[in-house]
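**Student:** With the sequence up front, the predicted model follows.
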Amino acid sequence: MKVLIADTFEASGLEGLKAAGCEVIYAPGTSGDELVRLLQSSGAEVLVVRSTRVTEAMLTAGTLSLVVRAGAGVNTIDVAAAARGGIYVANCPGKNAIAVAELAFALLLALDRRVPDNVAALRAGRWNKREFSKARGLYGRTLGLLGFGGVAQEVARRARAFGMDVVVWSPRFQREGANALTALPRDLDVIVLQSPEEVAERSDALSLHLALTDETRNFVGSGILARLKPGALFVNTARAELVDDAALAEAVRTQGLHVATDVFRDEPASGSAEFSPAIASLPDLYGTHHIGASTEQAQEAIAAETVRIIRSYKEMGTVPNAVNLAARTPATHRLVVRHRDRPGVLAHIFDQLRRRNLNVQETENVVFAGAESAVARINVDGQPDEELLRAIESGSRDILGVQVVKI
């Protein structure tokens with residue numbers, strides 16, 4: 001199996017792929033039309049990327065069947081185009097959670113103690129203890145978390161260790177209700193609130209950990225920011241597009257918010273470039289260079305997970321962490337067919353379904369001990385009628401029984 005890696009990747013991951021019997025094409029920094037051409041010429045079946053954008057032109061250029069994002073998100077990949085082309089898209093969720101949480105908490109501390117300003121003044125030859133002694137401290141304060149996945153949970157653990165109270169809201173709680181709440185790890189001591197506005201109202205500091213979707217784009221706007229206390233801390237290590245920049249600028253101006261962010265709109269694709277985002281002009285904003293996941297520990301874990309995904313696909317045909325499989329297919333009925341385990345039986349069943357224009361959505365064939373008989377479970381997108389059932393049973397002496405179940 002040929003694996004094309006278009007971004008920097010850990011040496012341990014490269015060795016792991018080679019040990020799995022993969023032919024590795026390592027081309028970090030390849031993007032755009034150059035990547036399209038390389039996919040065409042290389043015959044790669046698997047593409048591994050980190051921040052490189054994966055377009056429909058790339059997906060259709062060659063023989064790809066799997067794209068692995070060596071990281072948590074897939075917002076740089078045209079997932080819909082991949083699904084149309086039958087190409088798996090997988091990622092490595094949770095493997096960088098601790099790294100991002102560490103940076104989020106570092107930014108909270110930096111905002112409270114004005115660490116970058118201290119350093120800048122000292123390097124400029126100025127001593128200003130009187131000014132920089134004006135810190136509120138985090139102990140006993142309330143940290144609000146919007147989103148409560150792996151990163152936010154790690155932030156919550158660190159906040160509790162610092163003696164902070166933690167209030168949270170997540171769209172998952174709204175969707176899944178009590179099931180989501182009972183699934184929370186037992187060591188987390190947090191208060192779940194009913195709305196993001198309630199969280200903001202209770203918070204001395206607010207940290208953002210939502211996934212970027214159509215519903216969450218510009219999610220944090222004036223309605224949420226206006227609820228924050230004057231002088232509150234605001235940290236974003238998730239996605240820049242989650243925040244309405246104009247509303248944030250207004251909140252900084254009118255409420256004295258202190259802001260730190262690791263993410264920006266329209267970030268450069270390369271590792272180094274000239275970059276002057278408008279948000280960086282906010283007074284006293286602290287910014288880091290989208291480095292949340294960039295620790296050696298996180299990158300080694302992500303490399304190992306990437307190797308696991310590709311090895312599973314190569315050896316078993318299954319893709320862990322696939323993000324573009326249907327949660328539910330259009331299937332409405334299930335055929336349960338007991339049959340002797342003989343060649344041609346399933347072909348006969350599928351031929352009868354084809355004749356009646358019933359499409360197979362999912363199927364499995366489970367063999368009984370001794371391999372003399374089996375049961376096929378076939379999900380189809382319509383209701384099989386009695387005539388079809390008779391045709392299946394009468395058309396092969398190896399059919400032992402047919403049942404229809406509505407699903």
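**Tutor:** Done, it's in.
**Student:** residues near the closest residue to L388 other than its chain neighbours, how many?
**Tutor:** Spatially, and ignoring its direct neighbours in sequence, L388 is nearest to R356 (5.5 Å; C-beta to C-beta, 6 or more residues apart in numbering). Backbone N, C-alpha and C define where each C-beta goes, glycine included. The number of residues packed near R356 is 13, by other C-beta atoms under 10 Å.
**Student:** likewise E197?
**Tutor:** Close neighbours of E197, defined as other C-beta under 10 Å, add up to 14.
**Student:** Check what pLDDT it gets.
**Tutor:** At E197, the predicted lDDT confidence score is 97.
**Student:** can you pull the contacts of the residue nearest to L388?
**Tutor:** P384, D385, L388 (C-beta atoms under 8 Å, 6 or more residues apart in numbering).
**Student:** Out of these, the closest to E364 would be?
**Tutor:** Of all those, E364 sits closest to P384, with 17.3 Å by C-beta to C-beta.
**Student:** Wait, that closest one touches H333, no?
**Tutor:** Yes. Using C-beta atoms under 8 Å, P384 makes contact with H333 at a distance of 6.2 Å.
**Student:** hey, what's in contact with both of these two?
**Tutor:** With C-beta under 8 Å, 6+ apart as the test, P384 and H333 both reach V404.
**Student:** Same drill for those two, tell me which one is more crowded.
**Tutor:** Per other C-beta under 10 Å, whichever of P384 and H333 has more neighbours is P384, with 20 against 17.
**Student:** does V155 count as helix, strand or coil?
**Tutor:** For V155, the assignment made with DSSP: H, G, I helix; E, B strand; the rest coil gives helix.
**Student:** burial of R175, as a residue count?
**Tutor:** With other C-beta under 10 Å as criterion, R175 counts 9.
**Student:** got it, and the one 4 residues further on?
**Tutor:** Taking other C-beta under 10 Å as the neighbour definition, N179 ends up with a count of 10.
**Student:** Kindly export the helix or strand containing it (C-alpha atoms) in PDB.
**Tutor:** Assessed by DSSP states H and E, N179 sits inside helix 178-182. What follows is helix 178-182, C-alpha atoms only, in PDB (Å, rounded to 0.1, in the frame of the first residue of the first chain):
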ATOM      1  CA  ALA A 178     -28.900  12.800  30.700                       C
ATOM      2  CA  ASN A 179     -27.000  10.200  28.700                       C
ATOM      3  CA  ALA A 180     -24.200  12.700  28.000                       C
ATOM      4  CA  LEU A 181     -24.100  13.900  31.700                       C
ATOM      5  CA  THR A 182     -23.900  10.300  33.100                       C
END
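**Student:** list the buried ones in stretch 148-157?
**Tutor:** By 16 or more other C-beta atoms under 10 Å, the buried positions in stretch 148-157 come out as F148, G149, G150, V151, A152, Q153, E154, V155, A156, R157.
**Student:** same check, this time on stretch 210-218
**Tutor:** L210, A211, L212, T216.
**Student:** And those residues, which is closest to G16?
**Tutor:** Proximity of the buried residues of stretch 210-218 to G16 (C-beta to C-beta) peaks at A211, which lies at 27.9 Å.
**Student:** what's near enough to touch V168?
**Tutor:** G144, L145, L146, F148, A152, A156, V190, I191, V192, L193, V199.
**Student:** 7 Å instead?
**Tutor:** Contacts for V168 (C-beta atoms under 7 Å, 6 or more residues apart in numbering) come out as L145, F148, A152, V190, V192, V199.
**Student:** State whether it is indeed within a helix.
**Tutor:** No. Counting by three-state DSSP, V168 is not found in a helix; it is strand.
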